[in-house]
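Chemist: using only what follows, build the 3D model:
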Amino acid sequence: MTRRTARGAMRAEVAESWQRSAAAGVTSDAPEAPVTIEESDLRSLREAHPLARVFPLLDDVLGQAVRDCDAVMAIGDAAGQLLWVCGAPSTLRKAESIGFVEGSNWDERIAGTNAPGLALATGRSATITRAEHFRASVQPWSCAATPIHDPATSELLGVLDVTGGDQVVVPQTLAMVRAAARMAEAELARDQLSTRQAAPRTSGIGLMLESLGRSEALLTVDDGRGRLSTLRLSPRHSELAMLLASAPAGLTGDELAVLLYEDDGGSSTLRAELNRLRGLLGEELLASRPYRLTASVSGDWIATEALLAAGDLRGAMRSYRGPVLPRSTAPGVVRLREGLESSLRHALLRSREADLMSAWTRSAWGRDDYDMWVAQQAVVPTTSPMRALVDGQVTRLDRELG
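Modeler: Now for the predicted structure:
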């Protein structure tokens, strides 16, 4: 990647990050990143996070190296909140001056342009050196970061970062950070495989459909003998599978056509698509008259609905990875998507839980939710470091919405 030239040119991805930071209300003179996890909550969040499983590995392969070169290693979650920060005591004390501490939030819309925030925003490895940081207080530092994904689902789990002096942005450092992240993903994959092999075998075939935040659903088939296979469905097959999963008693061809197509017709096309889907799943899994899935079916959106119905809003928010098949225009899918989003959103608005509202407004689907920002404004104390961000977003939306 090219950096600033002698004439002061800025890399395009850095310029875009600065624009996102400014639009979110970050000020360049803010001295510290805000702490969004209270110390009392940090331990439980760490223990529940999937990266807790690989933290010892990361500390072993990368932690000592960063201590030796007066840098710090940080592991953050998918929202940019730092769960672990490791380094020599003297370096950790210096990092405290910019708020680079456990529990702080380095999402670029909260802390301004930085490597872990940029890596989370783009889904790619990133380096930020000195003056490329949006906030002046961070400009003595440089950082290199890379995302970490769930090896089974590709879900973004968090970010691995090394922050220190100019030595951090040499190519070898980023290569080392990437290698450590890939080792962590390999360890997670081995752990998942061991868990599956150790699970008691059951009779009967099971289907697990993942559609939250995905334009193409993932369908995992458990053959009932401990063997799992995962298929990435086409957009149309994703819609069909989801509609059938939501109707255990089955649907007639006419009912399915109404739920699938925005206009009349399409019956012959529907039959062809169902035949293709049956070819993928197997004759025994997709029955007709009415059309139905014959296996035990679970879905990530169904799990979120169940948590919400049980009153576990925090659990529902953790499980909600985004709108159901967000690009689908199938009427039945739109109804399911809007129903779940509306239920979750209204529960949040009533909750008065500032951290959960913040998770919503930090997301791609909630960043322009005016009512949610106003609800946050009503519960975030004026002394909170988050208050400036919330006030800035309400002002921005007031201006944009007229």
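Chemist: show me where the stretch 251-400 of the chain has strands.
Modeler: 286-287, 292-293, 296-299 (DSSP state E, counting those that start in this stretch).
Chemist: and Leu260, how far from Leu240?
Modeler: Using Cβ to Cβ, to the nearest Å, Leu260 is found at 7 Å from Leu240. Where you see a C-beta, it was placed from the backbone N, CA and C, and this is true even at glycine.
Chemist: what do you get for Val374?
Modeler: 39 Å.
Chemist: between these two, who's got more neighbours?
Modeler: Using other Cβ atoms under 10 Å as the criterion, Val374 and Leu240 rank with Leu240 on top: 28 against 16.
Chemist: that one contacts Asn275, correct?
Modeler: No: if you go by Cβ atoms under 8 Å, Leu240 and Asn275 don't touch, sitting 11.1 Å apart.
Chemist: can you pull out the helices in the stretch 1-150 of the chain?
Modeler: Secondary structure of the stretch 1-150 of the chain (DSSP state H, counting those that start in this stretch): helices at 12-23, 39-48, 55-58, 64-68, 89-96, 108-111, 115-122.
Chemist: flag every buried residue along the fourth one.
Modeler: Using 16 or more other Cβ atoms under 10 Å as the test for burial, helix 64-68 gives Val66, Arg67.
Chemist: average model confidence for it?
Modeler: When pLDDT is averaged along helix 64-68, the result is 88.
Chemist: got it, and the longest one?
Modeler: Confidence over helix 12-23 (mean pLDDT, whole number) is 89.
Chemist: what's it packed up against?
Modeler: helix 108-111, helix 115-122 (3 or more Cβ pairs under 8 Å, 6 or more residues apart in numbering; DSSP states H and E).
Chemist: contacts for the longest one, please.
Modeler: So that's helix 115-122. 13-14, 17, 20, 74, 76, 78, 80, 82, 106-111, 125-128, 143-147, 156, 159, 161, 163 (Cβ atoms under 8 Å, 6 or more residues apart in numbering).
Chemist: so how far is that helix from its chain's centroid?
Modeler: Remark: helix 115-122 is offset 12 Å from the chain centroid, using Cα atoms, centre = their mean, to the nearest Å.
Chemist: what does the first one give?
Modeler: The chain centroid and the centroid of helix 108-111 are separated by 16 Å under Cα atoms, centre = their mean.
Chemist: tell me which residues in that helix are buried?
Modeler: Glu108, Arg109, Ile110, Ala111.
Chemist: show me the two of those that sit farthest apart.
Modeler: Arg109 and Ala111 (8.2 Å; Cβ to Cβ).
Chemist: mutual contacts of these two, please.
Modeler: Joint contacts of Arg109 and Ala111 (Cβ under 8 Å, 6+ apart) are Val26, Gly117.
Chemist: need the contact list for Ala30.
Modeler: Gly112, Arg135, Ser137, Ala388.
Chemist: for Leu389, see how far away it is.
Modeler: Distance from Ala30 to Leu389, by Cβ to Cβ: 10 Å.
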